[in-house]
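**Student:** I'd like to go over a predicted model; first the sequence, then the structure.
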Number of protein chains: 2
Amino acid sequence: MNPSQKTPLKIGMIGLGTVGQGTYKLIQRLPQLEVVAVAVQNLEKERGIDDLDTSLLTLDAHAVAVHPDIDILIEVAGGVEGTKELLEAAIQAGKHVVTANKALIAQHGTELFALAKKHDVSLLFEAAVAGGVPIVTPLKMGLASNQIEEIAGILNGTTNYILTRMMQDGWTYEDALDKAKALGYAEADPSSDVEGFDAAYKIAILAGLATGHWVNVKDMTVEGITPITPREVDYAKQFGYTIRLVALARLKNERPDVRVHPMLVPNEHPLSSVHNEYNAIWVRGDAVGDAMFSGKGAGELPTASSVMGDVLAIVADLEAGNAKTAVGMVLDLKEPAVLQPIGETTNRYYIRMTTADEPGVLAALGTAFGNAGVSLESFLQLPNPQNNPHTSLMVVTHIAQESSVQEALSAIRSLASTQAVDCVLRVL
Amino acid sequence: MNPSQKTPLKIGMIGLGTVGQGTYKLIQRLPQLEVVAVAVQNLEKERGIDDLDTSLLTLDAHAVAVHPDIDILIEVAGGVEGTKELLEAAIQAGKHVVTANKALIAQHGTELFALAKKHDVSLLFEAAVAGGVPIVTPLKMGLASNQIEEIAGILNGTTNYILTRMMQDGWTYEDALDKAKALGYAEADPSSDVEGFDAAYKIAILAGLATGHWVNVKDMTVEGITPITPREVDYAKQFGYTIRLVALARLKNERPDVRVHPMLVPNEHPLSSVHNEYNAIWVRGDAVGDAMFSGKGAGELPTASSVMGDVLAIVADLEAGNAKTAVGMVLDLKEPAVLQPIGETTNRYYIRMTTADEPGVLAALGTAFGNAGVSLESFLQLPNPQNNPHTSLMVVTHIAQESSVQEALSAIRSLASTQAVDCVLRVL
């Protein structure tokens, strides 16, 4: 499978962090590729590469992007505005580009694709979506004849690791996050992961691939996992669910419903068995039916594996002497999608409340749900410890519109018997 | 994502059975494609297509293969020798070819790829491996930088449906097979499915993709599911396993270990949760780690989805004016792989025996296993119904070499206390 040719193709790299080091190692295996320049932020830093040629390192990223010798630029540095300018410079200089940068592709993909098209170069980004899991190419090519109706993904390894530890071992959020940092899954500032934005960029890219319309993350509902407590985890188990941060794209309507938030995933659903740092993408197409892709969503070599898949696709094309690459076919994203407002979406809901333990409470709650047109699928009241004047109630609703559920909750909050609506989670 | 161009590309089809009808329907969605001729075996047969243009049908498959107007030939008829000649004629006439024919690619892929390379046309076969599941392209491209160490697949929907019904509903093999036929999963003559050859062709193709060496199905150990009885199914459940027909390729050794046989799959393994007509491919690569791909392995539209993925890749390439297609990169399979003989492979084993219910039997069995160097992981003797002089014993071994296990079994069979070695299954 490894293409062979006499003159090695020349690679420039921007970034030599975790993914960059993995990429460098994989390139070293391939005699047909040669790294000629690597832009870093610190020339002195120790890198986990045995035979790193430090003479290739430079602080000047722009010089690497437009380096006269390079055929392909690999960008694994992250960052948005400054990095965008670097990629633009590379594309304008006729370089093919491979990037793992989800924020950049989600925010500026449309402009970058148009520029790549103009300059007849490839711009590939398999590693930007789910680490090592090949999903971009299957969506662009293998499933291209399908109308993609729905995508549900676990797209962030950090939060999935945290939720797995909370579910399986009863850890607190804080303990699980600390362990994720120690293992290198979570960054020093984990906010993009735990607040859902990392997953949001990824599902925006997938929804764009599936619909041909750019999806703006700013228009999406994005909720993170910080409100999840061990108590919710316990109750979810009792109801037969696993809690996961789900990135969802429901695409059958004219206005796509694209969002990221924690959900209760039924134990029968294939996404419920995706544990630890694994990612998975469940896709429903009108021809293929249900398909699922899973694997490691982060880490040095898994993500580098996806970067190198893109690089080798470009290599194959260059070796074939092709004018343009089919897989590198720059995306032609049409005008931004107008998303369905969250209030109009329909879901099942899990709701936990604290109420007075006294006659009439159940009737009042039933009236509040009923008036809003929300019907209940299951209901659980836990036995009340002695002398506690309040009790915990859990309900799971049938499918209901979000705005109706909010209407019911607002009525419930105004009841004298309600101490608190503690937690509301949507159900997959 | 749908490429658009003024003149539709012309398609010829050989075969209009289940997959052919699905393919025809998907082509009708795409204005840039036009079916101009379809070879069938019976012009009068009713087809499940509403607006079929029957004037396109012909009995002359060769005329379709070399039809002067067509750009792409889709072969979904099956068959080996005669079909090979048709594809050769098409390739020699400069047609790009997409086929779903696993037996043909597994047996004659090397020659056909060489011919396609010579004539600079694409020969794609995504639909030949796992119905709707995109796996060929990810293996060829996305995971191309990996050394693929192991592939374990559920690659036959018919047998997986039968085993699922036996496991979940306690059906007999015969009842489950009848139902599979009624649902259209099994053919009138199901021998290629139930005896494992359909899965064997598919894993041979995948092992060839992963290693670059052609794998001859005739060199593989291929065992089907006909020996599986409801009794084994019950015992497997008690031990915490699911029975699945597993297609295995262990590729770390110099001599690949490639085979198909039923296995006990531990309930924790992701393949154990692949039910009914679903297929799945679990892959371990040295960079990506574990990844899994699953979806519907058969059926009109899922398989047609894969056929059309290949067709659209060719379309994208033709529209780009490319000399050669990167994805259609004809495989360059090197000399045939010399496979590891089954006796040298290592596995865990489940063994069920019927023995005399008398003192000394356990010691004799222990000696037989011990002398052969096979150690046991678990052991179960079921309570013996009154007045039955024989008892059922089940053991699961630790990892052992197949030849050692056969040596132990041969000693056990020669014991006076042994009535029968009823079942031997390898454990994943």
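**Tutor:** Nice, I can see it. Residues are numbered from 1 along each chain as shown, chains lettered A, B, ... in the order given.

**Student:** ranges for the helices of the stretch 251-400 of chain A?
**Tutor:** Counting by DSSP state H, counting those that start in this stretch, the stretch 251-400 of chain A has these helices, from start to end: A:300-319, A:361-371.

**Student:** quick one, which of these is packed in tightest?
**Tutor:** With neighbours taken as mean count of other Cβ atoms under 10 Å in any protein chain shown, the helices of the stretch 251-400 of chain A reach their highest mean count in helix A:300-319, at a mean of 27. The way it works is simple: take the backbone N, C-alpha and C, and place the C-beta from them, glycine included.

**Student:** so how many other residues sit close to the closest residue to A:Glu223 other than its chain neighbours?
**Tutor:** Distances taken as Cβ to Cβ, 6 or more residues apart in numbering or on different chains place A:His261 nearest to A:Glu223, at 3.8 Å, with adjacent residues excluded. A:His261 has 22 neighbours, counted by other Cβ atoms under 10 Å in any protein chain shown.

**Student:** picking that back up, could the helices of the stretch 251-400 of chain A go into TSV alongside distance to chain B?
**Tutor:** Formatted as TSV, the helices of the stretch 251-400 of chain A follow (distance: least, Cβ to the nearest Cβ, whole Å):
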stretch	distance to chain B
helix A:300-319	3
helix A:361-371	35
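
**Student:** any idea which of those scores lowest on pLDDT?
**Tutor:** Note on those: lowest mean pLDDT is at helix A:300-319, with a mean of 90.

**Student:** So which elements touch it?
**Tutor:** For helix A:300-319, the packing partners by 3 or more Cβ pairs under 8 Å, 6 or more residues apart in numbering or on different chains; DSSP states H and E come out as strand A:9-14, helix A:18-28, strand A:72-75, strand A:96-99, strand A:123-124, helix A:127-130.

**Student:** For burial, what's the neighbour tally of A:Asn253?
**Tutor:** Quick note: A:Asn253 (other Cβ under 10 Å) scores 12 neighbours.

**Student:** do you know how far it is from A:Pro341?
**Tutor:** 12 Å (Cβ to Cβ, to the nearest Å).

**Student:** excluding its backbone neighbours, what's nearest A:Leu209?
**Tutor:** A:Leu139 (4.8 Å).

**Student:** My guess is the one you found contacts A:Val288. True?
**Tutor:** No - using Cβ atoms under 8 Å, A:Leu139 is not in contact with A:Val288; the gap is 10.9 Å.

**Student:** low-scoring stretches of chain A, by residue?
**Tutor:** Applying pLDDT under 70 to chain A flags the ranges A:1-6, A:323-330.

**Student:** The residue most central in space within it: what's it in contact with?
**Tutor:** Centroid-nearest residue in chain A, with Cα atoms, centre = their mean: A:Ala199, separated by 2.7 Å. Applying Cβ atoms under 8 Å, 6 or more residues apart in numbering or on different chains to A:Ala199 gives the contacts A:153, A:155-156, A:159, A:245, A:247, A:260.

**Student:** And for A:Val395?
**Tutor:** A:349-351, A:353, A:365, A:369, A:376, A:378-380.

**Student:** Please apply the same query to A:Gly295.
**Tutor:** Neighbours of A:Gly295 in contact, by Cβ under 8 Å, 6+ apart: A:130-133, A:278-280, A:302, B:288-292.

**Student:** what does A:Leu112 give?
**Tutor:** Counting by Cβ under 8 Å, 6+ apart, A:Leu112 touches A:84, A:87-88, A:91, A:104-105, A:123.

**Student:** hang on, the earlier thing: next, the residue nearest to the centre of chain A: secondary structure please.
**Tutor:** Per DSSP: H, G, I helix; E, B strand; the rest coil, the local secondary structure of A:Ala199 is helix.
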